[in-house]
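Student: no sequence on this one, just coordinates:
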């Protein structure tokens, strides 16, 4: 098994584990973490594909990964923000109903 | 699948039934297996792009190929990506107030004239951290500047140095003495400076070279540095805003005198003692609130 | 310098203008100034899109100007990013500009609630313009990774707009939408990685030239489809849409149903019928058609069962999106149509349907928003006697409903007529049955609302106080909704305007 195949299996594996987590994990934080795991899987595939035996690694793929990381941060921040607000509101309504 | 979000740590009532989960895992496993097979059996075609990048690298104004791709060849992607960051930053801003600039329900008001960074002397701080930070934060700022500068030839650039600066801000906030307020005018300027610079550069070079975002050859290096510096400031500001908002979210019941529309965006108490009762902070602020 | 005077500078302007509007509305403090600048920018954008459209249709017959490309940063594909439009994309840009103008004017009045001191427009205007920028950038984009970034802008901006209220229902719907959106984008990004591995380029035009029906192309197409189906909310992946569109503020619901779900559909059509067409199997196309038919039935049934007006309109969107997916089985009547790209009678019919549905659905959501603002609620069962208090909004609702059902002389009728023709020409008459049944089912849920609205409880009995209106609506809000509904009638009479444009960009 070559190095390339190993990385491919790992990245698709991460994507699959993340996908399962988004669907099946009960807690909202786990869903958000699962999305991050999926994105790590995709980035790993991108970096693996950048391998170039003859010269420097492919810079376009590296730029794609950088952009992807920033976009993932933005998405995670927004998701955590919304989850926190919902939590705060449900705590408030639980208190009011007691 | 996606019912109301579940926050309880160990409750498994809302969990999908076992059979569904197993089925899900099997389907995902099968699809993944197929994908792996397709990937391994197909050769990774050696794209002509790396060679093209190497060829045009001298015309791009920088020596680092990744920076060249990010800020010259595919600068449009970077522009849109900073737009993504701005979207999330704006989404986290609190509501403003129609009639006056002052929102009495928010400690410190919601003034746009307030300062971005203020020192809170009365707060219980973290003295060891504070002492350490007097030495560490200047070093981080210098390091961030170095990473920005060196991004033209070595790994580095706007995103990395922006993240470093945001880290410095997070540390400052954790020390307890520094408080950030992101509704100030300075803050909004910092958030948008990157896009403003990028758009001005894009239009400016279009008047010279005729194509939007096409840098003239001799000006490519300074223009890239200009855009990267502005991007560093914005990225740092946006990341710090995200941390600030997430870290000061209230997880207790708000005070009794909620406004007519109690929406989730009204409560942003100061970050210093978030576990203390919010009532006291709110009332002390409304006492000194001048009527407009 | 002379390429500045060339009209394809209009292409990046359509992205730059909303971006400038977003920056200005973030920085400005006065809410009146924000609104005025937004209206001005929307007007300029409308004029630019109209100029672009007329230029494209005027020069569409010559060989060199098949479709317009603009190489950003001067490098040219595949090294740089190209903006590219053909007739379909140009029409969508025009639709975006028109809807933006009307909805911007509407929003200026919608967000000045009399009994609230809170100014939500601090967040609304920048997010609105960033969403419009994302939509324009997506239609203009000629690079598959650039499309990923635009999909993310659209997704995050749309989620933030849905969450604008701050109420628990809106936040929950927004969070669900966000998770689904991120999932879809990641599937799309994985497909981009696969395509780059297989073909070495990120440019749409180059990909369509060298695409082959290999396993990895097929895998990429499946991933793209899964991701984009999640974003287009096709049954069975539609679970997030009704609550998200139903809990958002009225102008946001309008733009979401009219445009945002169409952007991912546009990409699906582009990939299946143009770029990766060699990998598109007949069974795959049929599968999409079957899902579309299922969407029509399921969405209509759920719309009939909805208790809230905005939920009903959102389920109606789910149903109407099903019609769009009938494009796929009907697109290639014979084998040589496969190489022709995004053209043909089926594409024309579906493009017309998109425009008709966008105007009708936006009008319906605005009317529902007006009703909700006036009465304080939008429960269908309590809307007795609506006709007496809000005749204009109800008229708007009726006309929009007529377009959704497909009654002449609306644009909806014309688009369904075109689709029926295509289905019968392709000898796939079962889709014709689906279309007709869908129209019938739409009639049931539209007439249900009209029935309640036009009836009073009893002739002489007074209406219960809790069902009386509580605020006076600014007239211009009703007029905006009415304008959109009228647009569907105008388009019903002038079909050639749109149909001619879709054929621009054909390979000769």
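Tutor: Here it is on my side, so go on. Predicted model, so just to flag it, every value in this text is computed and none were measured.
Student: who in chain A is up against chain C?
Tutor: Contact residues, chain A versus chain C (CB under 8 Å from any CB of the partner chain): A:15, A:19, A:22, A:28, A:31-32, A:35, A:38-39, A:41-42, A:45-46, A:49, A:60-61, A:64, A:67-68, A:71, A:74-75, A:78-79, A:82-83, A:85-86, A:89-90, A:93. All C-beta atoms are positioned from the backbone trio N, CA, C, and that covers glycine.
Student: buried subset of those?
Tutor: A:15, A:19, A:22, A:28, A:31-32, A:35, A:38-39, A:41-42, A:45-46, A:49, A:60-61, A:64, A:67-68, A:71, A:74-75, A:78-79, A:82-83, A:85-86, A:89-90 (16 or more other CB atoms under 10 Å in any protein chain shown).
Student: Now narrow those residues to whatever sits close to chain B.
Tutor: Applying CB under 8 Å from any CB to those, those adjacent to chain B are A:15, A:19, A:28, A:49, A:60, A:67, A:71, A:74-75, A:78, A:83, A:85-86, A:89-90.
Student: Is the residue nearest to residue A:37 when sequence neighbours are not counted in a helix, a strand, or coil?
Tutor: Once flanking residues are discounted, residue A:37 sits nearest to residue A:18: 3.7 Å by CB to CB, 6 or more residues apart in numbering or on different chains. Of the three states, residue A:18 takes helix according to DSSP: H, G, I helix; E, B strand; the rest coil.
Student: Sketch out the low-pLDDT regions of the stretch 1-150 of chain C for me.
Tutor: C:1-6, C:59-68, C:113-118 (pLDDT under 70).
Student: returning to what we had before: might you specify the subset of the buried ones among the residues of chain A next to chain C located within strands?
Tutor: The members of these all map outside strands under DSSP state E.
Student: shaky segments in the stretch 101-250 of chain B?
Tutor: B:101-115, B:121-124, B:250.
Student: returning to what we had before: can you tell me which of the residues of chain A next to chain C end up in helices?
Tutor: A:15, A:19, A:22, A:28, A:31-32, A:35, A:38-39, A:41-42, A:45-46, A:49, A:60-61, A:64, A:67-68, A:71, A:74-75, A:78-79, A:82-83, A:85-86, A:89-90, A:93 (DSSP state H).
Student: Pull the distance from the lowest-mean-pLDDT helix or strand in chain A to the chain's centre.
Tutor: Lowest mean confidence among the helices and strands of chain A (mean pLDDT, DSSP states H and E): helix A:59-97, at a mean of 88. The chain centre lies 11 Å from the centre of helix A:59-97; the measure is CA atoms, centre = their mean, to the nearest Å.
Student: helices or strands next to it in the packing?
Tutor: Helices and strands touching helix A:59-97, by 3 or more CB pairs under 8 Å, 6 or more residues apart in numbering or on different chains; DSSP states H and E, are helix A:28-49, helix B:49-60, helix B:65-68, helix B:75-91, helix B:220-247, helix C:144-162, helix C:168-199.
Student: Tell me which residues of the longest one come out buried.
Tutor: Neighbour counts using 16+ other CB under 10 Å place C:168, C:170-199 of helix C:168-199 among the buried residues.
Student: again with the shortest one
Tutor: Taking 16+ other CB under 10 Å as the neighbour-count basis, helix B:65-68 is seen to contain the buried residues B:65, B:66, B:67, B:68.
Student: Now do the same contact list for residue C:89.
Tutor: C:139, C:140, C:266 (CB atoms under 8 Å, 6 or more residues apart in numbering or on different chains).
Student: check which helix or strand covers it.
Tutor: Using DSSP states H and E, residue C:89 falls within helix C:87-110.
Student: and the angle for the least confident helix or strand of chain A with helix B:220-247?
Tutor: 20 degrees (axes from the mean of the first three to the mean of the last three CA atoms, to 10 degrees).
Student: Strands of chain B, start to end?
Tutor: Going by DSSP E, chain B shows strands at B:96-97, B:117-119, B:178-180.
Student: That's all I had, so thanks and see you.
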